[in-house]
Structure formats: structure tokens, C-alpha cells
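J.: Turn this into a structure:
(one chain, ligands or ions: 2)
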Amino acid sequence: MNTRDCILAIDQGTTSSRAIAFDTQGGVITVAQREFNQIYPHNGWVEHDAETLWTTTRATSREAVDCARRRGYRPVSVGITNQRETTVVWDRRTGEPIYNAIVWQDRRTARWCSELKQAGHEAAIAARTGLLLDPYFSATELAWVLENVSGARRKARAGELAFGTVDTWLLWRLTGGRVHATDATNACRTMLFNIHDQCWDDDLLALFDIPESLLPHVRDSADDFGWSTPDIFGEPLPIESMIGDQHAAIVGQTCFAPGMVKSTYGTGCFALMNTGDTAVRSDNRLITTLAYRIDGKPTYALEGSIFVAGAAIQWLRDGLGLIEHAAESEGLARKLSSNEGVYLIPAFTGLGAPYWDPNARGALFGLTRDTNAGHLARAALESVAYQTHDLISAMSADAGQPVESLRVDGGMVINDWLVQILADIISTPVERPAITETTAIGAAYLAGLQHGIWPSLESLTEQWQLERRFEPAMPEAQRETAIAGWRDAVPRLLGSHCE
Ligand SMILES: Nc1ncnc2c1ncn2[C@@H]1O[C@H](COP(=O)(O)OP(=O)(O)O)[C@@H](O)[C@H]1O
Ligand SMILES: O=P(O)(O)OC[C@H](O)CO
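T.: Numbering: from 1, shown residues only. Ligands and ions are numbered 1, 2, ... in the order given. Reported below is the predicted structural model:
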């Protein structure tokens, strides 16, 4: 191993595309980032311009590689991590998308999902895929594109179209249209992949009427995904890992032992518990997913997915204009010694785990004449803690053991007030690592593993360093009152219909 070698991690997220160059010790050399526009064509619909996902990825990747080179490093390997479930369909011949990327937050297929539920399909889908019937996952969105874009169904049948989650789309463009592949963690979010047999499921393809010719080859998370075309980085580079962002964070947080839990706070929040080689079925409406797949061997996880975490702070900033920068939410929340009964249920795009109600919409409770910006900021941050409490309670019940500590990361955890209220509400120590870019570093670790920079997954454990541990400090009676207010508010939204 040459100490001047470096790895490029591409982290294509919901709000921005990032590219980070890491050295062979796992240190950050440079970060390049571009935000892009969210597209909201109708109530409950969320789209991205797939071309923009590619152009921002290409620009940030090149910027990071050029900067690393100027500092004397030699890029040797590329890893990709990405927002999951988001659905892209393109023409194999032209490489052009036939529709915008339909984002994981999109709820356009909610009615169809509830019809499929009523027709009794949910149990079989859960048994094969580990997922619950919800528009969150790709299958119904992919079927929507085939049904609603003119000529798409005919072209799909003729083998002229390709489908991919964002990893696959970026790989297609990076390799000049030569490689159509994904990894098992991304595949398992489509609702078309059998997590026990590790293959596309024929019965599910038939149920959703998806021709198999659309689908990418499924590989390990650390694998040979082909080489980039020379124009992108000035020389071809091997792409040696692909992994969904929440799975990458498990690797970046080195949660390799069964029972370890990480939670990532970006646009949404996703808590995953490593369950080793057992695909644990949840009795509490969590989903069963892959943590990662290496050397053909799947490691499983239980996942709780919350659709709105940092997005609630974006709403304070962009929707209400209460703050100019996300960081101001901390100072506002600190001004109050309690929430004074004000709760925000941020069900802007429905509620995820453990409620799974795509039709629920957000609400504020407990407003009085005294309610001010501080209450709203506090309620938005607290909502993240209550939602995590719902997930951790479900996870402990499924695992039959309490969660001993929670490792956190993502853009929100820079907020000390949030992390403390989180520890208080879940009554569990919360650990913040020195590097909170865990998603990107997870992808870099796997690329480095495939490239031979690190000898094994286990050897990465010593890379993880604690920056700060937040101990629960809230008196129990206060905690119970706070949680009771949340529990009282949430059921008032469930089952309401917004279509
Ligand atoms: N200091 C802060 N306090 C609270 N939320 C924050 C803070 N800084 C950033 N955020 C939120 O974190 C999110 C960005 O995190 P990031 O991990 O980059 O998201 P993603 O990967 O989903 O694009 C935004 O939704 C933003 O509102
Ligand atoms: O882009 P993020 O970090 O909000 O992650 C999105 C998730 O992968 C959606 O499942």
C-alpha cells in the first residue's frame, strides 16, 4: 500500500451530491459538494432531475480528485453510496432518462399500495423482501413509469430500457453505458429482490408487471463494478464498491457485531441494527434489510425508516422563513426549558416506521398565543427524538434486548442540543464519532477492501473514534410527560386521507 494513494467516495444524497477523497488511514483529504433542486409536481410527489444527479456527481467527483492530486495524492479506487429506492429509467441506446427520478419520499402510488394490501399481498411481499407495502420502495414507482410514460411499456418489453436506483444510474454514466449493475443492499430496497435467495423474485416481477430485462445485475457491496471512462478523471479508475447510504453508514460506524445500532440524521432518519447472518422478522413493523454483502455472504439488519428529520429544519428555513440557516434551530430551541406542550408531527410525506401511513400529513399541536419561533424550532428538533424513540422501542422488542448505545451521524448531529435531547428521550447513551461523514467513509472502506488497502472488515473496527458521548440526563417524570404528549398526538393523524 502506498501512503499517497487515496480513495474517492461518491455520496449522492437526497439534497446534495458530495465527493470525498480519503487517505489510506481513513482521513478526509477534501470534500466537494453541490446542492440541487427538489421538484414537487403535485401534492405528495417528489422528483429529481436524473441528469442533474449525474452532472453534480461528475463535477464534485472531478473537483475532489483534482484537489487530492494537487495535494500529492494518487486516486486508485472509487466507491459509490447513494440515496436509496429512488427510481431512474433510461433508454439503453441513448442513455437518456425517459422521466425524472422518482424520489423515495414520493407518495404517488399510495392508493395502489393500499389496494395491493387489501388484496392480501403484503404478507408474501414481506416474507420475500423483508419490506412492507409502501410507495417508499421502488417497485410501484417503476411500474408507474412504465404505465404513464408514453411508449415506455412497449420499449421495456423490447428490452430497450434500463432501470436503476441511483447507484446503477451513476455507474452506467461513469462507465460510458458499459455496466448495468447494482449491489445487494440497493437491490433489496426495490421490493423485487428476494433477500433469502439473493436474486430478483419472479413472482414479484409478475405481480408488478416488470420485465426482467430492465433490471441490473446484482453484485456484492465490495466488488468489481468496472472502470470509469478516461475523460471523467483524466484516466480510468476502478469502481470497487456500491452500497446504499444507510448500509454504508453501518460500515462507516463499524457496527459489525450483531446488536450494534447506528442512526443517520440527514433529510430523513434511518436506524439500523446489525442482526448478523439472521434475517430477523419484525413483529413491530420494522423492515428486514441487508446490512452489506461481502464475498457472497449477506449480513442482515433490522431497519426503522423515518421520512422527515433534517427536512423539518429545511421546512423552518425554506417553508416558513423562520431561520436563515439550519444551525440557528439550536439557539432557538435552547431558549426554552420545556416544549410547553407544542408538538410537530412532520408527516409531510406520510409517516414511515412503525406507522407506515403514506396518507398522513403533518400537524402542529398545542399552539397558544405565546407560541413563537422557539417553540416551532424546538418541536421540529424534538420530533426527531420522539420518532427515534418509536424506532428504538420497536427494535429492542424485536431483538429481545435493550439497545445499549446508539452511534449517530449525518448532517443534523452537529447540533449538540438535538443529540442531547435524543439521549434524554431514548434514555440511552448516544455516541458521536470523530468523522460524521460515515456514509462516504463506509463506501471508501469497501472500495479499499476490494482494492486490497485494508485486509478485512474486522480490521476497520479500530478506525472508529469517539468524539463525544451524550449521557441521558432528563428526569424520568419529565421524559414520560414529553413522550406521552407525542403518543397522544400521533394517532390523531393516522388514517386521515389527503388524496
Ligand atoms: N445544525 C443543524 N441543526 C439541525 N439540522 C441541521 C443542522 N445542519 C444541517 N441540518 C439538517 O441536516 C440535513 C442535511 O444533512 P445531510 O446528511 O447532508 O442530508 P442528505 O444526505 O439527506 O442530503 C438538512 O436537512 C439540514 O436541514
Ligand atoms: O439521502 P439521505 O441521506 O436522506 O438518505 C435517503 C435514504 O437512503 C432513503 O432511504
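J.: Quick check: which ranges of the stretch 1-150 of the chain have low pLDDT?
T.: Across the stretch 1-150 of the chain, the ranges flagged by pLDDT under 70 are 1.
J.: Contact residues of it facing ligand 1?
T.: Applying C-beta under 6 Å from any ligand atom, we find that the stretch 1-150 of the chain lies next to ligand 1 at 13, 14, 15, 16. Backbone N, C-alpha and C define where each C-beta goes, glycine included.
J.: What about residue 74, how many residues nearby?
T.: 11 (other C-beta atoms under 10 Å).
J.: Specify the beta-bridge partners of it.
T.: Beta-bridge pairing for residue 74 (DSSP bridges): residue 5.
J.: how about it, what does it touch?
T.: 2, 4, 5, 6 (C-beta atoms under 8 Å, 6 or more residues apart in numbering).
J.: now do 10 Å
T.: 2, 4, 5, 6, 65, 68 (C-beta atoms under 10 Å, 6 or more residues apart in numbering).
J.: The first one contacts residue 453, correct?
T.: What it means is residue 2. Yes: counting by C-beta atoms under 10 Å, residue 2 touches residue 453, with 9.4 Å between them.
J.: Farthest pair within the contacts of residue 74?
T.: Greatest spacing in the contacts of residue 74, by C-beta to C-beta: 2 and 65 (16.3 Å).
J.: just the buried members of the contacts of residue 74?
T.: For the contacts of residue 74, a burial check counting by 16 or more other C-beta atoms under 10 Å picks out 5, 6, 65, 68.
J.: correct me, but the second one touches residue 70?
T.: This points to residue 6. No: at 11.9 Å, residue 6 does not count as touching residue 70 under the criterion of C-beta under 10 Å.
J.: anything in contact with each of these two?
T.: residue 30.
J.: can you list the contacts of residue 74 in CSV and add distance to residue 93?
T.: Formatted as CSV, the contacts of residue 74 follow (distance: C-beta to C-beta, whole Å):
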residue, distance to residue 93
2, 41
4, 41
5, 37
6, 36
65, 30
68, 35
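J.: okay, and the common contacts of residue 2 and residue 453?
T.: The contact lists of residue 2 and residue 453 share 24, 76, where a contact means C-beta under 10 Å, 6+ apart.
J.: Would you agree residue 298 falls within a helix?
T.: No: secondary structure of residue 298 (DSSP: H, G, I helix; E, B strand; the rest coil): strand, not part of a helix.
J.: Show me what from the stretch 351-499 of the chain comes close to ligand 1.
T.: Counting by C-beta under 6 Å from any ligand atom, the stretch 351-499 of the chain sits next to ligand 1 at 410, 411, 412, 414, 415, 418.
J.: what about the fourth one, neighbour count?
T.: I take that to be residue 414. Using other C-beta under 10 Å, residue 414 is surrounded by 14 other residues.
J.: Residue 243 should be in a helix, yeah?
T.: No: counting by three-state DSSP, residue 243 is not found in a helix; it is strand.
J.: That one against residue 299, yeah?
T.: No: counting by C-beta under 10 Å, residue 243 stays clear of residue 299, with 11.8 Å between them.
J.: So for those two, which sits in the more crowded spot?
T.: Neighbour count, other C-beta under 10 Å: between residue 243 and residue 299, residue 243 has more, with 35 against 23.
J.: what helix or strand does the closest residue to residue 425 other than its chain neighbours sit in?
T.: With sequence-adjacent residues excluded and distances taken as C-beta to C-beta, 6 or more residues apart in numbering, residue 425 is closest to residue 385, at 4.0 Å. Element membership for residue 385 (DSSP states H and E) is helix 373-399.
J.: Name the next helix or strand following that helix along the chain.
T.: Using DSSP H and E, the helix or strand that directly follows helix 373-399 along the chain is strand 406-409.
J.: Strand partners (parallel or antiparallel) of that following strand?
T.: Strand 406-409 pairs in its sheet with strand 261-265 (parallel), strand 430-433 (parallel), by DSSP bridges.
J.: right, and the helix or strand after that strand?
T.: In N-to-C order, the element after strand 406-409 by DSSP H and E is helix 416-426.
J.: by contact count, what packs against that next one?
T.: strand 261-265, helix 328-334, helix 373-399, strand 406-409, strand 430-433, strand 466-470, helix 476-489 (3 or more C-beta pairs under 10 Å, 6 or more residues apart in numbering; DSSP states H and E).
J.: Swap in 6 Å and give it another go.
T.: For helix 416-426, the elements it packs on are helix 328-334, helix 373-399, strand 430-433, strand 466-470, judged by 3 or more C-beta pairs under 6 Å, 6 or more residues apart in numbering; DSSP states H and E.
J.: Of the ones you listed, flag the one that's most buried.
T.: helix 373-399 (a mean of 23; mean count of other C-beta atoms under 10 Å).
J.: ok, that helix near ligand 2 or not?
T.: No: residues of helix 373-399 are not located near ligand 2 by C-beta under 6 Å from any ligand atom, the shortest gap being 12.9 Å.
J.: now the angle from that helix to strand 261-265?
T.: In terms of direction (axes from the mean of the first three to the mean of the last three C-alpha atoms, to 10 degrees), helix 373-399 departs from strand 261-265 by 150 degrees.
J.: for the record, mean pLDDT for helix 373-399?
T.: For helix 373-399, the mean pLDDT works out to 95.
J.: cool, and stretch 324-337?
T.: 94.
J.: same thing with stretch 407-427?
T.: 96.
J.: how many neighbours does the closest residue to residue 396 other than its chain neighbours have?
T.: Nearest non-adjacent residue to residue 396, counting by C-beta to C-beta, 6+ apart: residue 402, 5.0 Å away. For residue 402, the neighbour count with other C-beta under 10 Å is 13.
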